[in-house]
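Visitor: Sequence first, predicted coordinates after that:
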Amino acid sequence: MQAVETRVTQALGGLIRSAQAQGALRADFTLDDLYLMLSSLPADQPPTARTRWLALLLTGLTTR
């Protein structure tokens, strides 16, 4: 199981670095930030709340 976690962590880290290199993601964003955001996902809320959460989240992550 630890091997899978390591591979996922490496893949997500690569995606984050790639997005940062392209200027599409904040330079200070980390994998820990991603885990924090996912832990606050309003999965038990109505679709309108989830949509609003995602819109706010994406606005805070992008550089544009």
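Guide: Everything's here; your move. Computed from a predicted structure; not experimentally measured.

Visitor: Every contact and neighbour count from this point should use C-alpha atoms.
Guide: Will do.

Visitor: now the host helix or strand of T48: mean pLDDT?
Guide: If you go by DSSP states H and E, T48 is part of helix 47-61. Mean pLDDT, helix 47-61: 92.

Visitor: longest helix anywhere in this protein?
Guide: helix 2-21 (DSSP state H).

Visitor: Could you pull out the buried residues of that one?
Guide: Neighbour-count burial for helix 2-21 flags 16-17, 20 (criterion: 16 or more other Cα atoms under 10 Å).

Visitor: Any chance of a markdown table for those, columns distance to L36 and pLDDT?
Guide: Below are the buried residues of helix 2-21 laid out as a markdown table (distance: Cα to Cα, whole Å; pLDDT from 0 to 100):
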| residue | distance to L36 | pLDDT |
| --- | --- | --- |
| I16 | 15 | 97 |
| R17 | 18 | 97 |
| Q20 | 18 | 96 |
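
Visitor: Nearest to L54, out of these: which one, please.
Guide: Within the buried residues of helix 2-21, the smallest distance to L54 is 17.5 Å, found for I16 (Cα to Cα).

Visitor: hang on, that closest one packs against T30?
Guide: Yes. Counting by Cα atoms under 8 Å, T30 is a contact partner of I16 at 7.4 Å.
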